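[1] sequence and predicted model, in that order:
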Amino acid sequence: MAAKIYKNLIGGEWVESRSGQTYENLNPADTRDVIGVFQRSDKRDIDDAVAAAAQAFEKWRLVPAPKRAEIIYRAGQILLERKEEYARDMTREMGKVLKETRGDVQEAVDTAYYMAGEGRRLLGATTPSELPSKFAMAVRMPVGVCGMIAPWNFPMAIPSWKLLPALVCGNTCVIKPAEDTPLSTYNLVKTLTDAGLPKGVVNIVTGFGPDAGAPIVEHAKVNAISFTGSSEVGRTIGEVAARSFKPCSLEMGGKNAIIVLDDANLDLALEGVLWGAFGTTGQRCTAASRVIVQKGVYRQFADRLVYRAQRLKVGNGLDESVEVGPQINEQQVATTEKYVKIGKDEGAKLEAGGKALNKPEHAYGWFFEPTVFTDVDGKSRVAQEEIFGPVISMIPCENFDNAIEISNGVNYGLSSAIYTKDVNRAFRAMRDINAGITYINAPTIGAEVHLPFGGVKSTGNGHREGGLGAIDFYTQWKAIYVDYSDKLQRAQIDTE
Ligand code: UN1
């Protein structure tokens with residue numbers, strides 16, 4: 001059966017790319033499986049999409065926010081009805097196991113319900129004026145056309161973090177999904193249109209970063225940019241956006257650590273490390289890629305972690321018994337292989353995994369063994385650089401202070417975790433770990449959508465997704481003064 005052809009959505013019409021070029025979306029667990037044929041778009045398609053979004057903005061901004069929210073709420077309900085279908089699509093195109101892709105769709109549902117609620121708040125502020133018979137308030141205004149560039153690891157959840165707050169605030173959007181996972185973002189956009197979103201309010205344009213992503217960032221009529229991806233690409237996007245003073249939210253890498261202290265519940269910590277490190281095949285910005293273990297329990301913990309990592313079932317995520325799916329593509333496997341070599345050269349001890357899998361059932365996919373390095377130096381490259389694969393580095397530590405120092409000793413600061421039963425040390429960790437997210441007795445992954453999501457240092461540029469941070473990003477404050485005294489009153493001058 002020929003694979004289905006998916007088109008761009010521009011101004012409410014499903015259209016082919018201007019060049020007529022397309023590309024195939026392949027299943028990372030079995031590259032013989034073509035999921036669909038998607039448009040390979042370029043600047044001309046982006047120009048069309050931005051023009052449509054700019055036109056739609058003039059009407060959409062006038063729709064009352066509670067009405068905009070009703071559409072988003074309905075989209076959440078429809079997503080819930082289609083959860084299983086969309087989760088299966090996502091496992092096929094992205095690889096992570098069904099349990100997780102159901103979670104990814106659920107995260108979009110949660111975002112829809114949360115942001116629909118915001119439609120009846122979008123709180124501004126009223127405040128007294130310093131002059132008599134004068135009223136002062138601050139209100140939130142939409143920004144205009146928002147350009148969004150999404151990653152492949154959460155191909156529905158992360159687009160929902162971007163689109164849904166932007167929409168409830170009255171903006172219109174142009175989104176480019178990751179080239180590896182366009183179908184899940186397409187499914188989200190399709191759901192929004194089925195829920196009644198007017199034409200042109202959301203436009204989806206598929207394709208590759210340099211051809212279809214760069215023109216979004218450069219476009220004069222795009223008023224804000226939201227990007228999730230690597231720090232390297234984020235830096236370029238930030239620089240380009242800064243030239244035209246565009247607000248730009250960058251959500252980038254991580255090198256997240258779980259600290260396990262001597263007094264921790266080790267059974268709990270072990271489950272947490274396995275889930276944090278190998279869930280989503282380690283391909284989360286929040287993945288645990290370092291585990292810093294206090295020396296009294298270090299060897300015992302290493303043995304248990306190695307034993308369990310070697311027994312994780314790796315395979316096609318559509319098989320419910322599989323625990324770890326493939327990596328997304330050949331380059332990601334190559335990166336993981338590169339870092340395994342770097343780790344060995346640096347003198348870390350490879351105790352589990354370390355190789356791409358090539359058993360017959362893995363022959364057509366991008367599978368890699370869950371990998372554990374022990375006795376890793378916290379300053380070495382495997383302990384400093386983001387790998388985005390199923391690799392964890394165990395770093396021994398002396399005590400609490402030393403653990404915090406190692407945890408903070410990287411250029412990233414997204415997520416973090418500590419396992420301890422000592423409430424004082426837990427609170428000191430909440431205060432002293434330099435990261436956007438800290439978990440106590442839970443792994444580094446699993447952020448909830450109504451809390452701020454983002455990080456410090458090279459992880460981000462100060463913005464937050466999720467929670468009210470998203471509303472802050474997708475609105476601009478406007479101060480309004482209403483003088484009802486019927487005379488000229490001069491602030492700071494008429495002081496009597
Ligand atoms: C990401 O990896 O970019 O907290 C997002 C988590 C998920 C989101 C991860 N809810 O792990």
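    Looks like it came in fine.

[2] name the residues of the stretch 101-250 of the chain found near the ligand, please.
    Selection of the stretch 101-250 of the chain residues close to the ligand by Cβ under 6 Å from any ligand atom yields 107, 153-154. Backbone N, C-alpha and C define where each C-beta goes, glycine included.

[3] so which of these sit within strands?
    Among these, none falls in strands (DSSP state E).

[4] of those - the most surrounded one?
    Phe154 (29 neighbours; other Cβ atoms under 10 Å).

[5] so what's it closest to, chain neighbours aside?
    Once flanking residues are discounted, Phe154 sits nearest to Asp104: 5.6 Å by Cβ to Cβ, 6 or more residues apart in numbering.

[6] any idea how far the ligand is from Ala426?
    20 Å (Cβ to the nearest ligand atom, to the nearest Å).

[7] hmm, that residue is touching Ala417, no?
    No - Ala426 is beyond contact range of Ala417, at 10.7 Å (criterion: Cβ atoms under 8 Å).

[8] quick one, which of the two is more surrounded?
    Ala417 (30 against 16).

[9] I'd guessed the more buried one sits against Ala442; true?
    Yes - taking contacts as Cβ under 8 Å, Ala417 lies within contact range of Ala442: 6.4 Å.

[10] before we move on, the earlier item: give the buried residues for the particular helix or strand that has the residue nearest to Phe154 in it.
    Assessed by DSSP states H and E, Asp104 sits inside helix 98-118. Within helix 98-118, the residues scored as buried using 16 or more other Cβ atoms under 10 Å are 98, 100-116, 118.

[11] burial of Lys487, as a residue count?
    For Lys487, using other Cβ under 10 Å, the count is 8.

[12] same thing with Lys4?
    Lys4, neighbours per other Cβ under 10 Å, totals 12.

[13] roughly how far does it sit from Asn329?
    From Lys4 over to Asn329 the distance is 21 Å, taken as Cβ to Cβ, to the nearest Å.

[14] Leu468 too?
    When Leu468 is compared with Asn329 (using Cβ to Cβ), they lie 35 Å apart.

[15] list residues touching both of Ala417 and Ala442?
    Common neighbours of Ala417 and Ala442, using Cβ atoms under 8 Å, 6 or more residues apart in numbering, are Gly272.

[16] all helices for the stretch 1-150 of the chain, in order.
    Applying DSSP state H, counting those that start in this stretch to the stretch 1-150 of the chain gives helices spanning 43-60, 65-81, 83-94, 98-118.

[17] can I get these in TSV with distance to Ile225 and mean pLDDT?
    TSV is the format used below for the helices of the stretch 1-150 of the chain (distance: least, Cβ to Cβ, whole Å; pLDDT from 0 to 100):
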stretch	distance to Ile225	mean pLDDT
helix 43-60	12	98
helix 65-81	21	98
helix 83-94	24	98
helix 98-118	19	98
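
[18] could you dump these to a markdown table with distance to Leu164?
    A markdown table is the format used below for those (distance: least, Cβ to Cβ, whole Å):
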| stretch | distance to Leu164 |
| --- | --- |
| helix 43-60 | 14 |
| helix 65-81 | 6 |
| helix 83-94 | 16 |
| helix 98-118 | 4 |
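
[19] quick one, which of those gets closest to Val482.
    helix 65-81 (21.1 Å; Cβ to Cβ).

[20] relative to helix 98-118, how tilted is that closest one?
    160 degrees (axes from the mean of the first three to the mean of the last three Cα atoms, to 10 degrees).

[21] in helix 65-81, what counts as buried?
    Residues of helix 65-81 classed as buried: 65, 68-76, 78-79 (neighbour count, 16+ other Cβ under 10 Å).

[22] okay, the closest residue to Gly253 other than its chain neighbours and the ligand: tell me how far apart.
    Nearest non-adjacent residue to Gly253, counting by Cβ to Cβ, 6+ apart: Glu386, 4.2 Å away. To the ligand, Glu386 is 11 Å away according to Cβ to the nearest ligand atom.

[23] secondary structure class of Glu386, three-state.
    Following DSSP: H, G, I helix; E, B strand; the rest coil, Glu386 is assigned to coil.

[24] now do Ile395
    strand.

[25] who's in contact with the residue nearest to Phe154?
    Contacts of Asp104 (Cβ under 8 Å, 6+ apart): 87, 90, 96, 154-157, 184.

[26] ditto for Ala426
    418, 420, 440-441.

[27] which of those residues has the most neighbours?
    Ile418 (28 neighbours).

[28] near the ligand at all, the host helix or strand of that one?
    Assigned by DSSP H and E, Ile418 belongs to strand 415-419. No - Strand 415-419 is not in contact with the ligand by Cβ under 6 Å from any ligand atom; minimum separation 7.0 Å.

[29] what residues does that strand touch?
    254, 256-261, 264-265, 268-269, 272, 276, 285-286, 288, 403, 407, 425-426, 429, 433, 435-445, 447, 455.

[30] so which of those sit within strands?
    Per DSSP E, these map to strands at 256-260, 288, 437-440.

[31] still on that earlier bit, touching, the residue nearest to Gly253 and Glu232? I think so.
    No - between Glu386 and Glu232 there is no contact under Cβ under 8 Å: 10.1 Å.

[32] just the buried residues of stretch 76-95, please?
    Neighbour-count burial for stretch 76-95, counted by 16+ other Cβ under 10 Å, picks out 76, 78-79, 82-83, 86-87, 89-95.

[33] please apply the same query to stretch 352-367.
    Applying a neighbour-count criterion of 16+ other Cβ under 10 Å, one finds 352-354, 356-357, 362, 364-367 buried in stretch 352-367.
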